[in-house]
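Q: everything below, folded, please.
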Amino acid sequence: MDIWETLYEKAKKEYYPTEVTPFIYAHHVVSALESENGEIYTGFCIESCSGVMDLCAERTAALNMYMNSGQTVIKRIITFRSEAPEGLGGMPCGACRELLLQFSPKNKDTEIMVDYQKRETITLEELVPNWWGWSRYENQ
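A: Down below sits the predicted model:
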């Protein structure tokens with residue numbers, strides 16, 4: 001079993017779309033990531049009628065990693081609905097891209113699964129080539 005299959009299987013366990021209340025829907029998009037030290041963390045999307053409460057699966061996985069280990073560097077991440085990503089299906093949204101880059105400059109090298117069957121990935125830096133925050137890292 002390769003690392004992508006491991007990540008897929010861990011994320012898949014989180015997939016069980018649930019209407020938590022008439023206002024909150026969860027577990028309909030899932031994610032798993034591999035941290036810098038090789039640990040795996042999962043997350044799921046949670047949406048509410050109040051948009052400010054919404055969290056994507058990638059962000060909950062990243063926050064889970066940080067809250068449970070203090071880590072901020074992500075080596076790999078996979079995100080999907082009911083099936084593994086195919087084509088450009090597993091792309092993180094702008095808010096997720098932003099959080100991952102703000103967590104660590106090393107996350108520019110995070111591999112994002114694009115096509116699970118082909119094992120095609122893209123890096124976060126390829127998705128956000130001219131990120132506004134690089135100068136803040138340079139000034140540290």
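Q: and after the longest helix along the chain, which helix or strand comes next?
A: For the chain, the longest helix by residue count, based on DSSP state H, is helix 57-69. Using DSSP states H and E, the next helix or strand after helix 57-69 towards the C-terminus is strand 74-80.
Q: the residue nearest to Asp54 when sequence neighbours are not counted: which element?
A: Nearest non-adjacent residue to Asp54, counting by C-beta to C-beta, 6 or more residues apart in numbering: Glu47, 4.8 Å away. For every residue, glycine as well, the C-beta is placed using N, CA and C. Assigned by DSSP H and E, Glu47 falls within strand 40-48.
Q: one more: Ala26?
A: strand 24-35.
Q: run through the residues that contact the residue nearest to Asp54.
A: Applying C-beta atoms under 8 Å, 6 or more residues apart in numbering, we find Glu47 in contact with 24-26, 53-54.
Q: of the residues you listed, select the buried ones using a PyMOL command.
A: Buried residues within the contacts of Glu47, by 16 or more other C-beta atoms under 10 Å, are selected in PyMOL with:
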select buried, resi 25+26
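Q: I'd like the contacts of Glu47 as TSV, with pLDDT appended.
A: Listed next are those as TSV, based on pLDDT from 0 to 100:
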residue	pLDDT
Ile24	95
Tyr25	96
Ala26	97
Met53	80
Asp54	92
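Q: from the contacts of Glu47, which is closest to Ile3?
A: Of all the contacts of Glu47, Ile3 sits closest to Ala26, with 26.2 Å by C-beta to C-beta.
Q: thought the closest one was touching Thr18?
A: Yes. In terms of C-beta atoms under 8 Å, Ala26 counts as a neighbour of Thr18; the distance is 5.3 Å.
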